[in-house]
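Colleague: Structure of the sequence below:
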Amino acid sequence: MINLIRNENMKIYKRKRNWILIGIVVLFTLIQFVNLKSSGSSVVGEDWRNQLEQEIAFLKLEMNKPDALPVELKQAQKSILLNQYHLDTDLPPSTNTWSFAVDQAGNLMVAVSFISVIIAGEIVAAEFIGGTIKLLLTRSASRTKIYFSKYMACLLFGLALLSIGAVISVVLGGVVLGFQGLGSSYLYVQNGVVEQTTIIQALFEAYLLQIPFLLLTVTLAFMISAAFKSSTFSIVISLLVAVAGFVIATAMNGWGWTKYFVFSHTNLTQYVLGDPSVTGMSFGFSAVFILLHLLIMHLVSYPAFVKRDVV
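Modeller: This next block holds a predicted model:
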């Protein structure tokens with residue numbers, strides 16, 4: 001099994017196109033950092049108190065708009081509480097290397113997941129189209145081992161991309177902002193109260209607890225790749241579903257029906273660094289809901305792969 005996984009990884013990294021995909025992750029991280037510097041968020045001005053007070057006043061006006069969405073109200077309330085905390089404690093808001101890495105975890109996870117979908121969307125279909133699946137099946141390995149080796153290779157590629165992006169975020173931030181602040185606190189809002197945790201704990205939670213989004217999107221693409229003969233179709237449909245799911249989960253955050261929408265459960269940091277998107281949701285419920293969807297997708301893709309005819 002390990003040799004099969006190693007073989008699949010070698011096939012992934014031998015393709016020049018996949019190195020371009022890795023380069024896109026690097027470029028994406030660079031763009032996030034440039035946005036931080038150009039916005040001036042990493043620099044604290046002398047009149048920071050006045051700026052925060054003006055921002056609070058503006059956010060309150062935005063919250064009073066009749067057409068404000070639940071997600072906009074939640075984000076505005078969160079910003080008001082954090083700004084008020086800085087004013088009350090006379091603590092200027094600032095961004096260091098480590099808090100930058102924490103805040104970018106969600107954006108990086110989405111980018112990495114979409115890129116990993118391209119790999120997962122063709123890893124099975126391309127073998128059947130090119131006829132190379134025959135070479136695998138002539139070996140002593142069973143179709144079950146081949147199936148799971150390909151699936152694991154997709155996940156490992158996604159995790160490798162995530163690690164690369166995280167390391168680059170820290171290195172870039174360290175070069176420009178310095179590496180100090182590792183012992184500082186990370187502020188977040190939970191149950192209407194500003195809480196704090198260590199930056200190291202927030203860093204691990206921000207990345208580890210958002211991996212379900214990667215799992216879901218990669219498994220979806222893998223399922224479609226195993227069920228259909230066209231790799232292009234698999235990639236396009238998987239990307240459309242993943243993008244639509246992400247957009248709906250983000251835009252409809254706070255709506256009651258999203259409790260039963262799987263993409264609303266993929267960010268588990270809402271239970272440790274914030275509040276559940278819908279009242280009544282819990283960490284256990286989200287975990288089981290995600291696992292159930294993963295199981296269903298494998299129940300579709302595994303039989304399709306095992307019973308698929310080789311021409």
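Colleague: Only C-alpha atoms from now on, for both contacts and neighbour counts.
Modeller: Fine.
Colleague: Spatially, and excluding backbone neighbours, which residue is closest to S264.
Modeller: Excluding the flanking residues, the one nearest S264 by Cα to Cα, 6 or more residues apart in numbering is A249, at 5.0 Å.
Colleague: same deal with A242?
Modeller: Per Cα to Cα, 6+ apart, closest to A242 is T217, 6.1 Å.
Colleague: picking up where we left off before, for the residue nearest to S264, what are its contacts?
Modeller: By Cα atoms under 8 Å, 6 or more residues apart in numbering, the contact set of A249 is T258, F261, F263, S264.
Colleague: got a list of what the second one touches?
Modeller: It stands for F261. For F261, the contacting residues are A249, by Cα under 8 Å, 6+ apart.
Colleague: Apply 7 Å and report the result again.
Modeller: If a contact means Cα atoms under 7 Å, 6 or more residues apart in numbering, then F261 has no contacts.
Colleague: Quick check on it: phi, psi?
Modeller: In terms of degrees, to the nearest 10, the main-chain angles of F261 are phi -110, psi 120.
Colleague: ok, so what distance separates it from F246?
Modeller: Look at F261 and F246: by Cα to Cα, to the nearest Å, they are 11 Å apart.
Colleague: and F179, how many neighbours does it have?
Modeller: Using other Cα atoms under 10 Å, the number of residues around F179 comes to 15.
Colleague: Verify the assumption that it is located in a helix.
Modeller: No - looking at F179 with DSSP: H, G, I helix; E, B strand; the rest coil, it is coil, so not inside a helix.
Colleague: Could you find the closest non-adjacent residue to it?
Modeller: Leaving aside its sequence neighbours, F179 sits nearest to T97 (Cα to Cα, 6+ apart; 6.2 Å).
Colleague: Poorly predicted segments of the stretch 1-150 of the chain, please.
Modeller: 37-45, 127-140 (pLDDT under 70).
Colleague: Which parts of the stretch 151-300 of the chain are helices?
Modeller: In the stretch 151-300 of the chain, the helices defined using DSSP state H, counting those that start in this stretch lie at 199-208, 211-227, 231-251, 283-306.
Colleague: Of those, which shows the lowest average pLDDT?
Modeller: Averaging pLDDT over each of those singles out helix 231-251 as the lowest, with a mean of 88.
Colleague: That one versus helix 211-227: what angle between them?
Modeller: With axes from the mean of the first three to the mean of the last three Cα atoms, to 10 degrees applied, the angle from helix 231-251 to helix 211-227 works out at 150 degrees.
Colleague: Can you give me the buried ones in helix 231-251?
Modeller: Neighbour counts over helix 231-251 (16 or more other Cα atoms under 10 Å) mark S231, T232, F233, S234, I235, I237, S238, L239, A242, G245, F246, A249 as buried.
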